[in-house]
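Engineer: I'd like to go over a predicted model; first the sequence, then the structure.
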Amino acid sequence: MSKAPSIHDHLAVRFANQRIVVWQDSDGGYAAELDSQVPDGVSVLRVADDEFAIKHRVLREDTASQFLIYRSGAATEGTNNWLLDVELAYGPVFTADRGALLRAGLGLAEPGSDALVTEHPAFFSDSKLVESLKILLLPSDDLVTVQAKMSAVAICQKEHSFSDLTRTLLSHHAQGETSGWDALSKLGLAEFHWSGAEHIYGYLSAAPTIPGFVLWMFQQARDGFDVTSSKGARNLAIDFRSFRDSKRSASAIKILARKAEGDLAYEEQVAGLPWETLRDADIFEAAEREIIRRLVDGIVNQTMPQREILETIGVRRHGSFWFEDYAMLYEALTAAAELIPAIRAARLEFASFDEGLTRYRDDLFRIDQRYRQFTYAYLTAEFKQPLDELAEQVEAAYVTDFVAPLGMSWQEQVDAVQRWRTPEATSQSEFYEKYVAKLTKGGNKKAVVVISDAMRFEVAKELETRILGLDKFDAKTDAMLGVLPSYTQLGMAALLPHKTLAHSMNGDPVLVDGLRSDGSANRSKILEAVGGTAIQAKDFVEMKPAERRDLYSSNQVLYVYHDTIDATGDSSKSEHRTFAAVSESLDHLVDIVKKLANANATNIFVTADHGFLYQRSKLATQFNLTVKPQGDQIVAEKRRYVLGRGLKEDAAFRTFQPHQVGLSSDLEVQIPNSIHRIVKPGSGFQFVHGGASLQEIVVPVVSINKGRSTTVERVNVDIHPESDKITTGQIVVKLYQSMKVEPKVTARRLRAGLYFGEQLISNEQEMVFDSESGEGRDRFQIVRLLLSKDADAANNQSVEFRLLEPIEGTDQWKKYKGAPYAVKRAFTSDDGWDF
């Protein structure tokens with residue numbers, strides 16, 4: 001950092017070009033430090049009524065040496081000044097005026113710069129501030145820009161535009177910090193700041209303050225900014241959007257908005273807004289809460305069409321400043337808007353066992369999925385109270401109108417079936433032969449099987465969607481008919497290579513071709529016969545990449561066992577977290593699949609041992625069995641199944657002989673009807689499995705292939721200009737997402753702006769094109785841009801509406817598409833004051 005030139009530096013410059021310098025020090029303030037300021041080799045002559053002698057010496061006696069003639073006090077005028085001829089010959093007279101030195105050191109040559117220095121003594125007497133200012137100044141800076149840069153230095157930043165200065169002061173104010181404003185006031189820059197607020201934004205107050213400005217700013221925003229009649233309003237609108245869009249200031253604006261909302265009593269006003277106005281309102285948080293309240297009312301009372309509900313949520317997602325704060329509530333609303341009509345429309349009667357399986361696999365699973373998504377979002381939301389009434393309706397509809405009647409209808413088909421098999425679905429016990437052995441036969445290909453305990457079918461369908469969203473991955477989900485009883489030990493055994501499945505004498509463990517199948521060690525022994533091994537997911541994930549590659553390369557078949565859902569749901573203390581565990585499980589499985597692919601795995605099967613039943617509310621009393629299973633010997637009695645010998649038939653149970661369910665042992669199986677539970681202490685009651693409900697026995701297989709070619713593309717977005725001319729201070733452009741979002745067609749994030757060459761001359765607006773609608777009309781978005789003062793230079797010239805997209809892995813953006821426009825404005829906004 002360079003220093004401002006000192007008196008010594010200025011004198012050195014003078015003596016570099018002349019032999020004599022006359023210094024007039026009117027108040028004698030430099031007399032004591034005179035010798036230290038004189039350059040080497042210069043003799044000092046102090047005037048003490050000996051002007052003639054001094055003149056004789058420097059002009060006659062010694063005409064080679066350099067002299068500094070120092071005279072203090074008031075300057076002598078006219079012919080009474082004996083040194084007048086010396087001053088004229090070696091002028092101008094040197095005066096160590098601090099202001100003059102500062103102006104010279106900073107390069108301030110603008111008319112009025114002397115007054116600027118004089119009017120801000122606190123600033124220019126602080127050497128650190130002066131040095132910081134010097135770094136920012138350019139030769140072309142006018143006095144307004146100089147003061148702007150002084151203001152930037154005062155609040156410890158380099159950015160000096162009025163927008164940047166205001167952004168910092170607003171951020172300070174939001175945090176209760178006054179140091180920045182105190183510095184401006186102390187340094188005499190407060191009046192300059194308020195002049196800028198008046199000229200640039202149109203803010204005028206007899207007693208301006210930061211709180212007063214904040215309230216005024218939000219009033220203008222609430223009223224929509226009168227951009228057509230006021231250039232100040234347009235400038236404010238542009239900067240206000242910038243304050244909200246920038247990560248540097250968005251959180252501060254939220255704090256200030258919440259305070260202004262109360263001061264303006266906006267919550268009382270928003271309740272009376274027409275729906276068309278409210279849908280686009282996002283200045284204050286109260287608008288978001290009111291929209292959510294009305295959407296809830298529309299769903300609960302069936303007063304709003306599903307299409308309008310989903311469209312409104314899309315509008316909020318794309319355009320609301322507050323959306324992220326309420327994202328989980330909107331997720332819940334989206335799920336509820338689709339779930340409740342689906343339940344009302346569902347046909348739950350089946351003509352056959354096969355029809356029941358097929359319809360659940362193809363359609364009915366979505367109701368379970370939407371119920372899970374609603375419940376998880378509702379329970380996870382920070383502000384769930386607005387959805388309390390809706391949550392009760394969802395729960396009642398799901399349990400009373402779907403789960404219970406579905407269970408009863410399906411039970412009729414379970415009662416009618418004589419063997420637990422169907423041509424419509426692969427039996428779970430045939431998994432290895434159909435999927436793994438078929439692939440690895442011949443030894444040319446390897447297979448990885450990931451078994452996620454209790455991953456039911458609807459969860460697997462969501463996993464499929466997430467995997468399809470990964471580039472170079474393909475995924476397809478099939479449904480298998482799970483084993484009975486649908487519990488962990490039997491389901492895990494069924495997935496291993498085998499010829500026979502049997503219960504041991506006491507039911508546990510399950511035997512695979514006579515071998516124990518419980519635990520990784522026993523499963524690895526079974527898999528050794530096919531060149532495979534087993535590992536727990538936790539151990540696999542903790543391996544180093546090279547270790548995972550070695551594990552994969554050294555085995556023909558690899559089984560990875562993952563347990564998050566069942567471990568959480570199977571305890572009464574944690575079953576309330578079942579759907580949170582599903583969310584975590586999905587994240588785990590995606591991570592495992594990626595790690596497998598990085599270990600060179602190309603063929604991966606993700607499956608489960610069984611599904612589950614779960615409801616958030618307590619089970620109604622009528623679904624608690626009052627009868628107890630009876631038999632000669634009961635070896636296992638769980639909430640959803642019984643194992644024993646000589647089990648007695650009862651109308652509350654469906655009894656299967658072992659051969660009917662594909663088991664080679666002598667243990668019979670009893671399953672409580674429908675969704676009924678056997679009352680027992682300890683394990684979970686709302687989360688259960690082991691029975692024959694569709695949710696428990698439709699077991700998924702997600703077949704995943706990792707290829708080399710890119711498989712994912714982003715949606716295309718087209719620009720639809722309504723005109724090629726800009727005649728006002730704003731521009732409205734339609735943008736069309738020409739394809740809907742699907743698993744392999746992902747959303748596109750863009751930033752829109754107006755450019756003159758490479759200069760941005762409008763506000764920027766970030767947009768996400770993520771519509772899944774098949775209707776083209778649903779995939780239009782509108783962008784409104786306000787021209788900034790910089791657009792004045794582009795009048796009568798060509799500019800470009802430009803869409804930018806982010807460069808992956810960086811904070812940079814690149815051009816996506818553009819459209820030319822001609823600026824033809826009758827009036828511009830130049831008043832010479834912006835900076």
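Structural biologist: Sure thing, it's come through.
Engineer: Counting neighbours, what do you get for the spatially closest residue to Gly407 that is not a sequence neighbour?
Structural biologist: Distance criterion C-beta to C-beta, 6 or more residues apart in numbering; nearest residue to Gly407, sequence neighbours excluded, is Ser674 at 3.6 Å. In short, each C-beta sits where N, CA and C put it, glycine included. Using other C-beta atoms under 10 Å, Ser674 has 22 neighbouring residues.
Engineer: which regions of this structure lie under the pLDDT threshold?
Structural biologist: Low-confidence regions of the chain, defined here as pLDDT under 70, cover residues 1-5, 98, 101, 682-684, 827-835.
Engineer: List the contacts of the residue positioned nearest the centre of it.
Structural biologist: Geometric centre of the chain, nearest residue: Glu324, 7.7 Å, by C-alpha atoms, centre = their mean. Remark: with contacts taken as C-beta atoms under 8 Å, 6 or more residues apart in numbering, Glu324 is in contact with nothing.
Engineer: returning to what we had before: check the spacing between the residue nearest to Gly407 and Leu619 real quick.
Structural biologist: 12 Å (C-beta to C-beta, to the nearest Å).
Engineer: same deal with Asp632?
Structural biologist: If you go by C-beta to C-beta, the gap between Asp632 and Leu619 works out to 30 Å.
Engineer: Comparing those two, which residue is more hemmed in?
Structural biologist: A direct count of neighbours by other C-beta under 10 Å for Asp632 and Leu619 places Leu619 higher, at 17 against 10.
Engineer: isn't that one right next to Val679, touching?
Structural biologist: No - under the contact definition of C-beta atoms under 8 Å, Leu619 does not touch Val679, with a separation of 9.9 Å.
Engineer: In this structure, where's the longest helix?
Structural biologist: In the chain, ranked by residue count with DSSP state H as the criterion, the top helix is helix 578-598.
Engineer: Quick check: buried residues in that helix?
Structural biologist: The neighbour-count check on helix 578-598 (16 or more other C-beta atoms under 10 Å) flags 578-583, 585-586, 588-590, 592-593, 595-597 as buried.
Engineer: which helices and strands does it pack with?
Structural biologist: With contacts defined as 3 or more C-beta pairs under 8 Å, 6 or more residues apart in numbering; DSSP states H and E, helix 578-598 has these neighbours: helix 365-380, strand 447-452, helix 457-468, helix 537-542, helix 545-553, strand 557-562, helix 565-569, strand 603-607.
Engineer: so which of those gets nearest Thr488?
Structural biologist: helix 565-569 (6.5 Å; C-beta to C-beta).
Engineer: List of residues touching the closest one?
Structural biologist: Helix 565-569 is touched from outside by 452-455, 459, 488, 574-575, 577-578, 580-582, 585, 612, 614, 684, 687, 689, with contacts defined as C-beta under 8 Å, 6+ apart.
Engineer: Ser634 should be in a helix, yeah?
Structural biologist: Quick fix: residue 634 reads Ile, not Ser. No - counting by DSSP: H, G, I helix; E, B strand; the rest coil, one finds Ile634 to be strand, located in no helix.
Engineer: Work out for me the element the closest residue to it other than its chain neighbours sits within.
Structural biologist: If you skip the residues right next to it in sequence, Ile634 has Gly644 as its closest partner in space, 4.0 Å away by C-beta to C-beta, 6+ apart. Secondary structure here is read from DSSP states H and E; on that basis Gly644 sits in strand 642-647.
Engineer: Which positions in that strand come out as buried?
Structural biologist: Within strand 642-647, the residues scored as buried using 16+ other C-beta under 10 Å are Val642, Leu643, Gly644, Leu647.
Engineer: Counting by contacts, list what it packs against.
Structural biologist: Identification of packing neighbours for strand 642-647 by 3+ C-beta pairs under 8 Å, 6+ apart yields strand 631-637, strand 653-656, strand 668-672.
Engineer: Adding distance to Ala416, write the helices and strands packed on helix 578-598 out as a markdown table.
Structural biologist: Written out in a markdown table, the entries for those read as follows (distance: least, C-beta to C-beta, whole Å):
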| stretch | distance to Ala416 |
| --- | --- |
| helix 365-380 | 22 |
| strand 447-452 | 31 |
| helix 457-468 | 22 |
| helix 537-542 | 39 |
| helix 545-553 | 45 |
| strand 557-562 | 35 |
| helix 565-569 | 30 |
| strand 603-607 | 28 |
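Engineer: these two touch, right, Val399 and Gln615?
Structural biologist: Yes - using C-beta under 8 Å, Val399 is in contact with Gln615, at 5.3 Å.
Engineer: what's the overlap in contacts for the two?
Structural biologist: Overlap between the contact sets of Val399 and Gln615, as judged by C-beta under 8 Å, 6+ apart, is nil.
Engineer: between these two, who's got more neighbours?
Structural biologist: In this comparison of Val399 against Gln615, neighbours counted by other C-beta under 10 Å, the higher total goes to Gln615 at 21 against 18.
Engineer: quick one: contacts for that one?
Structural biologist: Contacts were defined as C-beta under 8 Å, 6+ apart; by that measure Gln615 touches Glu395, Tyr398, Val399, Val403, Gln686.
Engineer: between those, which is nearest Gly662?
Structural biologist: Closest approach to Gly662 among the contacts of Gln615 (C-beta to C-beta): Val403, at 27.1 Å.
Engineer: now the residue nearest to the closest one when sequence neighbours are not counted, what's its secondary structure?
Structural biologist: The spatially closest residue to Val403, leaving aside those adjacent along the chain, is Ile675, at 6.0 Å (C-beta to C-beta, 6+ apart). At Ile675 the chain is in coil, as set by three-state DSSP.
Engineer: quick one: the strands in the stretch 1-150 of the chain?
Structural biologist: Taking DSSP state E, counting those that start in this stretch to define them, one finds strands in the stretch 1-150 of the chain at 20-25, 42-46, 66-72.
Engineer: Tell me which of those strands sits nearest to Lys441.
Structural biologist: In this view, the strands of the stretch 1-150 of the chain are compared for proximity to Lys441 by C-beta to C-beta, and strand 42-46 is the closest at 101.3 Å.
Engineer: Show me what that closest one packs onto, helices and strands only.
Structural biologist: helix 34-37, strand 66-72.
Engineer: re the thing from before, so which of the contacts of Gln615 are in helices?
Structural biologist: Within the contacts of Gln615, membership in helices is found for Glu395, Tyr398, as judged by DSSP H.
Engineer: Out of the contacts of Gln615, flag the one nearest to His160.
Structural biologist: The nearest member of these to His160, counting by C-beta to C-beta, is Glu395 at 57.5 Å.
Engineer: so how far is Phe685 from that closest one?
Structural biologist: Distance of Glu395 to Phe685, given as C-beta to C-beta: 16 Å.
Engineer: repeat for Trp194
Structural biologist: Computed as C-beta to C-beta, the Trp194 to Phe685 distance reads 67 Å.
Engineer: Now do the same contact list for Leu470.
Structural biologist: Under the criterion of C-beta under 8 Å, 6+ apart, the contact partners of Leu470 comprise Val590, Val593, Lys594, Val712.
Engineer: Would you format those as a markdown table with distance to Phe94 included?
Structural biologist: Conversion of these to a markdown table gives the following (distance: C-beta to C-beta, whole Å):
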| residue | distance to Phe94 |
| --- | --- |
| Val590 | 77 |
| Val593 | 80 |
| Lys594 | 75 |
| Val712 | 75 |
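Engineer: ok, so of those residues, who is nearest His503?
Structural biologist: Distance ranking of the contacts of Leu470 against His503, using C-beta to C-beta, places Val593 first at 33.1 Å.
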